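>>> Quick one: sequence and predicted model below, then my questions.
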Amino acid sequence: MKSIIVGTAGHIDHGKTALVRALTGIDADRLPEEKRRGITIDIGFADLDLGDVRVGFVDVPGHERFVKNMLAGAHGIDAVALVIAADESVMPQTREHFDICRLLGVRKGLVVITKRDLVDKDLLELVQSETQDLLKGSFLQAAPMIAVSSRTGEGIEELKQTLREVAREVAARPSEFVTRLPIDRSFTMRGFGAVVTGTLIAGKIGEGDEVELLPEPRRVRVRGVQVHGTSVAKAVAGQRTAINLGGVDAADIERGMTLAPPGILRPTQIIDASVQLLGDAPRALRSRQRVRIHMGAAEVLARVRVLEDEGRIKPTTGGFAQLRFESPVVSVLGDRFIIRSYSPARTVGGGQVLDPFAPRHRTKDLPAVRDRLQVLSQKDHVTQLFAFIAGADRHGLSHAEVAARTGWRDEIIDETTEQALASGLVMDAEGTLITREALDEMKVMVIEEVSAHHSREPLSRGLSKEILRERQFVNSPSEIFRTVLAELESERKLLQEREIVRLREHTRELSDADAQLRDRLESVYRDAALAAPTIGEALSHAGVAASAQQHGRKILQLLFDSGTLVRVHGEMFFHRSALDNLTRRVREHASRNSDRAIDVAAFKELAGISRKYAIPLLEYLDRERVTRREGDRRIVL
């Protein structure tokens, strides 16, 4: 059975709730104050089974003071029933509600002229004519218009048939999005605990599912699901749904929160969006203006930063703007919202989310920002994905970041990524997506940085990877850093040697004086054998003046890089020949003992050294797997 959500819209006292009651037999006014005052204050719900179609009604208040409640229920509707009383015709809230439906992207609906029994034929025709003037050029211009009387029942059966026909024309909800349920009501049910309701705008949700309550992430479990008052195993997109949640109290849940799969969607406080202002907006939308944003079932205050050159968006026109929210919201690419003025609160326009995690923009970057937002406003997934990746620049974009921005299911992200990679414009850096252009720019940057290092330090073997990353990749994931180095190495432009990188053609040419110093330093360490000098002592013995100590250390580094000297501990270096000779003597000692063991005292006597050198050398032999420590002894392997 096909299910759709129909929202009522119209001025106060035009008979919306009475119409829903005449259609369904359900009084959508549930609050005692609503019954006492005879007006709808908050959204109400009812359902109608038409055989092959089930219609869920969201009945909204018509009073201008309760438009924010109307907006909480209007976000998930498939079609609108625009209700106009025959004895009053088009009124202010008729226009505002109709504008809201247009701004929210509603594309199907019908018009219901209520209180047919209160007017004659001529007045009815006048109301119909005024209504047609209102709808001219809109999505309801050719919509059915049914005159009914909720009191006498006139036209109700015709209206049911028309609802069935409208329902058949409503397109199925897109299947590419993850589950999302904006919460418009929460309460405690005795024996069950916390219950939330809302229109399931995407995906499925079933008993036993673990979900996340956003914007402040909190894991909860679905204990039960109802659709139209009936318990079901699973609810699907487009259904009014009640969810019994475990692991949370109803007092901790507020209207405007969202249920979604764990770890996918994220709260944000800055978005870039396309904005459209109504023709009767009292003034232009300007930067730094404070506004009320209605998104999903939430109402959030925000500051505007207009991204157009003029710094404003005039009534009847559209443009791009950044919204900076005063509290976190949950939104994805394509979400629609309503803009209302801060005070007095009235609807001035609406918009669509383009970048849910937008950075703050510099004025000089605005032309490029507008170009990217124009691309994001297109409906092609590959084009949108490329725009997000390009906007991330050197940071790249992970699978999780794509999901948080788009709300796409994993299968859609994988399929779209494959197409983007096939274009050659996007690269996969160990799971992080980055544009080919950005990656190539980073490769040029690395070559320039390493070349500059070689020029400054000709005796250095190369540039430390850690230093390179700190200088040029501080805002980039390690996956991108490794990919850049790997590509440069595969192109034979760079060599990676453990912790350093160098240009392939880099060699360390020594002057005669430096070559002689190198030989003197090697001789100092060779002659010292296992009584290794400190670096200062070695430089002094080699004739290096105090003012040239830094240069002497660079020459010493050459001996270390070549393997002639070996670092055993801290700045304690030994000549390779001395260590090789020590290893040979230790193994000869072991061969003369059945247990192949040697303790510290025996080692000191064998090597002819003090404890100062003995312990570091034994630990070195352990690292080299010549020995293995067992208690106070070493076993020679």
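Arrived safely, thanks for sending.

>>> could you point out the longest helix in this structure?
As assigned by DSSP state H, the longest helix anywhere in the chain is helix 436-456.

>>> And it, what does it pack against?
With contacts taken as 3 or more Cβ pairs under 8 Å, 6 or more residues apart in numbering; DSSP states H and E, helix 436-456 sits against strand 426-429, strand 463-464, helix 465-472, helix 478-490, strand 494-497, strand 500-503. The way it works is simple: take the backbone N, C-alpha and C, and place the C-beta from them, glycine included.

>>> how about residue 398, what does it touch?
Counting by Cβ atoms under 8 Å, 6 or more residues apart in numbering, residue 398 touches 431, 432, 433, 477.

>>> Generate the ChimeraX command that creates a selection of the buried members of the residues you listed.
Here is the ChimeraX command that selects only those of the contacts of residue 398 that count as buried (16 or more other Cβ atoms under 10 Å):
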select :432,433,477
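
>>> Which members of the contacts of residue 398 are the farthest-apart pair?
Farthest-apart pair in these is 433 and 477; separation 10.8 Å (Cβ to Cβ).

>>> one step back: now flag whichever of the contacts of residue 398 is closest to residue 519.
Nearest to residue 519 among the contacts of residue 398, with distances taken as Cβ to Cβ, is residue 477, at 45.6 Å.

>>> any idea how far that closest one is from residue 484?
11 Å (Cβ to Cβ, to the nearest Å).

>>> strand partners of the lengthiest strand in the chain, parallel vs antiparallel please.
Taking DSSP state E as the criterion, the chain has its longest strand at strand 318-329. Strand 318-329 sits in its sheet next to strand 268-277 (antiparallel), strand 298-306 (antiparallel), going by DSSP bridges.

>>> Name the residues that touch the shortest one?
For strand 298-306, the surrounding residues in contact (Cβ under 8 Å, 6+ apart) are 68, 71-72, 182, 255-257, 285-293, 312-313, 319-327, 329, 342, 360-361.

>>> Show me the contact partners of stretch 515-525.
With Cβ under 8 Å, 6+ apart as the test, stretch 515-525 has contacts from 510, 532-533, 538-539, 541-544, 552, 555-556, 558-559, 564-565, 573-575, 578.

>>> One more: stretch 581-594?
Looking at stretch 581-594 with Cβ under 8 Å, 6+ apart, the contacting residues turn out to be 529-530, 596-598, 602-603, 606-607, 617, 621, 624, 626-627, 636.

>>> quick check, nearest of these to residue 192?
Nearest to residue 192 among the contacts of stretch 581-594, with distances taken as Cβ to Cβ, is residue 624, at 67.5 Å.

>>> can you give me the strands for the stretch 251-400 of the chain?
Using DSSP state E, counting those that start in this stretch, the strands of the stretch 251-400 of the chain run over 258-260, 268-277, 285-286, 290-295, 298-306, 312-313, 318-329, 336-341, 347-355, 397-398.

>>> any idea which of the ones you listed is most buried?
Across the strands of the stretch 251-400 of the chain, averaging neighbours per residue (mean count of other Cβ atoms under 10 Å) puts strand 258-260 on top, at a mean of 25.

>>> what would the helices and strands packed on helix 436-456 look like in CSV with distance to residue 187?
Converted to CSV, the helices and strands packed on helix 436-456 look like this (distance: least, Cβ to Cβ, whole Å):
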stretch, distance to residue 187
strand 426-429, 47
strand 463-464, 61
helix 465-472, 53
helix 478-490, 46
strand 494-497, 61
strand 500-503, 62
